[in-house]
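Trainee: Quick one: sequence plus predicted model below, questions after.
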Amino acid sequence: MTHVTPIDPHEELSPWWARAVALTFILGFGVLILLTFKAYQNAPPVPDRAVDVAGDVVFTGDDVRAGQEVFLKYGLMNNGSVWGHGAYLGPDFGAEVLHNWALDLAERRAQARFAKSYEALAVEERAAIDGEVASLMKVNRYDAATGTLTLLPAGAETFSDEIARWKAYFENPELNGGLKAKLITDPKELHNLTAFFVWAAWGSVAQRPDTTHSYTNNFPYDPLAGNHPTGAALLWTAISFIALLGGIAIVLLAFGKFDYLGWHGAPAPVEKWVLSDAQKATLKYMAVASVLLLGQTFFGAGVAHYRADPGSFYGIDLAAYFPSNLLRTWHLQSAIFWIATSYVAGALFVAELLGRESPPKQALGIHLLFGAIAAVIVGSMLGEWIGILQWLPTTWFWFGNQGWEFLELGRFWQILLAIGLLFWFFLIWRAIAPARRNPAKRGFANFFLIAAFAIPLFYLPALFFGSQTNYTIVDAWRFWIIHLWVEGFFEFFVTVIVAVIFYEMGLVRRITALRTIYLDAILYFGGGLIGTGHHWYWTGQTEVNMAFSAVFSALEVVPLTLITLDAWDFVKATRGTDSMVERHRWTFYFLMAVGFWNFLGAGVFGFLINTPIISYYEVGTILTPNHGHAAMMGVFGMLGAGLMVFVLREIVADEVWPKLQRLVRLSFWGLNIGLAMMVFLSLFPGGVMQVLDVIANGYWHARSLAYTATPLARTLEWLRMPGDLVFMFLGALPLAAALGWGYISRWRATGDAR
């Protein structure tokens, strides 16, 4: 029988909290849907045919779309990038073609006008040629009425030269960041892939009709091709600072005026926890998540080695079996899988903590879900391997490597994952049901269900595009998942879980926990929904997107300033000799680490690269993974580790815990110190130096071996090794050992290995 707790009238919140959240969602999603719809309208067109000045067809629109499939099938988005999005082992393919195109044109014009090579020109002669090249390349020769794109003079010869360049690129792993030797040799595939790259280069330089800039807002930076930052990039950067300062001022005013905001409030009495078999069944999820974390660190170390020394792996031809694009695919996928697995298990555990009843057959459902998740993880990662090795020539998109960064798993596995998440929500619904009948807990239960349902709901955009969908449109939907799913609703879900844990521990009052959930929802989604568009500055969207996204992306930093205001209250709430606090001390330490990395990784490093003018020079450089590692691991990873420790401490016997606690303590310091070493010894300085090279020599140069193979760049890559080793062997390994030891100890004590 569910115990019903009456609500103290002083514990009731104003209805304006719920109204403010609803208004935030309506306005935020209204603008985001509009921007996404405009991506369909404003995407760079794929011409029906591209012809030279004589009218002969050089390539067709079907070639471009087939070339995009080649790009995906071979996992090239985990080697290089297009319009700044992708991996950092190889070049930005569009930027490389654009610069080669401009150089080829400059050489031809220099010979025609001065009978000299471009390199031999005097300063004033070169200035004249540079101006002519930029002017010629900026002209948009696409005729929408006929679907025909007329290439520049000698376009057919330039296209043929590009095919030869890319054929050579794929031959040698030392020159391409560790791809399998002779990866692409089929002439038709090379032709189509080059057509896709040339289309990307054309879209990045040709003026969008009725504007003075290209379809990609003049990205990438390449003075020879006439690409310079637009005035809008400068203007909206300045206005974003105004939004940031104004938002922080409002938050400071609110916290100064209303002293009840934050984790204030006297502790409340709590009922004793009695764990169910269903809750105990979540421990195996955490053990698997810890193994995936350990695997992710090894995959990441392999990717870093390919950047530092792409030619060999200590004398082993690693690229023949585990090429760099496969290891980066696994590095990304294992990160998503282990964090999601820990959240899924943590949510199932906490849901019953809130409901205080275990539904019939709930443990069986949790066992079945575990099997389904294991099948998706193992099946998709094996599929990515054999897909990249080209063992699935016709079914690669469905069962192999789909190719889109962060969404590499084949479409079949995506559908299974979505079904699994819906089944997980069903289990959550059952566990939460008793709390919904309790007036005191109904608010928590409703938030829990909304946050849980949003996770399968906002994974659905992964099914909205195919292998031949226009790249601009794909990127719009891709970041609905990457940004909204990971940085939006997962973050909201985290807030709900932490608030419920604190409430059930008796550390905060009901009204305090609910108010914190409402406030975080308003602040996170107030900037985060529309702020999704900061990923779309250079991928074929217009300056309308830049205006909205720059301002609201700056507001994403505002809630992170609450961490500095709220930090001491959080510490005070989790200090003292209270037995529950002492029992979960290391869980609280991981939560404090979340606060630190949220402010530094997501706030400081995120804002650094999200302003338009910085993003213009930076996107696709090492400053991007600097933010990514500090935010993804520092925030979602530390929270996942905290949930692992929370569940482990509750399930293992008290006499076993002192031995496991030593491993947990070592893991906490190893993960945090190792991550800090990675960031400050390698990623941040490496990113700064690469951006300086972009400004000095152009984006193509900083993304090519002309920069990445320099002694400075390679040395900064090698400086990742100390941090990697600390993170792997003093952080991830002890955590996996603690979870494995805890699972085995429970099995020995109960005889139940489930």
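Mentor: Sure, I can see it. Numbers count the residues shown, from 1 in each chain.
Trainee: Could you check how many residues crowd around the closest residue to Trp657 other than its chain neighbours?
Mentor: The shortest distance from Trp657 to any non-neighbouring residue, by C-beta to C-beta, 6 or more residues apart in numbering, is to Arg649 (6.4 Å). In short, each C-beta sits where N, CA and C put it, glycine included. By other C-beta atoms under 10 Å, 19 other residues sit near Arg649.
Trainee: Identify the residues contacting Arg649.
Mentor: Arg649 makes contact with Arg583, His584, Trp586, Thr587, Trp657, according to C-beta atoms under 8 Å, 6 or more residues apart in numbering.
Trainee: And Gly61, by the same measure?
Mentor: Counted by C-beta under 8 Å, 6+ apart, Gly61 has contacts Val46, Pro47, Asp48, Arg49, Gly147.
Trainee: Distance of it relative to Val474?
Mentor: Applying C-beta to C-beta, to the nearest Å, the value for Gly61 to Val474 is 16 Å.
Trainee: Repeat that for Glu189.
Mentor: Applying C-beta to C-beta to Glu189 and Val474 gives a distance of 20 Å.
Trainee: which of these two has more neighbours?
Mentor: Using other C-beta under 10 Å as the criterion, Glu189 and Val474 rank with Val474 on top: 23 against 17.
Trainee: So what's the gap between whichever strand or helix holds that one and the chain middle?
Mentor: Applying DSSP states H and E as the criterion places Val474 in helix 471-479. Distance, stretch centre to chain centre, for helix 471-479: 13 Å (C-alpha atoms, centre = their mean, to the nearest Å).
Trainee: Residues touching that helix, excluding its own?
Mentor: 35-36, 39-40, 42-44, 68, 82-83, 85, 200, 404-407, 461-462, 464-465, 532, 535-536, 539-541.
Trainee: Which of those are buried, as a ChimeraX select command?
Mentor: Applying 16 or more other C-beta atoms under 10 Å to these, the buried members can be selected in ChimeraX as follows:
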select :35,36,39,42,43,44,68,82,83,85,200,404,405,406,407,461,462,465,532,535,536,539,540,541
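Trainee: Which members of the contacts of helix 471-479 are positioned in strands?
Mentor: Residues of these located in strands (DSSP state E): Val82, His85, Trp404, Leu407.
Trainee: what's the closest of the residues you listed to Pro15?
Mentor: Closest approach between these and Pro15, by C-beta to C-beta: Leu407, at 39.3 Å.
Trainee: ok, and the helix or strand in this structure with the lowest average confidence?
Mentor: Least confident element among the helices and strands of the chain, by mean pLDDT, DSSP states H and E: helix 558-573 (a mean of 60).
Trainee: right, and the helix or strand after it?
Mentor: Counting by DSSP H and E, the element after helix 558-573 in chain order, helix or strand, is helix 579-583.
Trainee: Mind giving me the packing neighbours of that following helix?
Mentor: Packing contacts for helix 579-583, counted by 3 or more C-beta pairs under 8 Å, 6 or more residues apart in numbering; DSSP states H and E, involve no helix or strand.
Trainee: buried residues in it?
Mentor: Val581.
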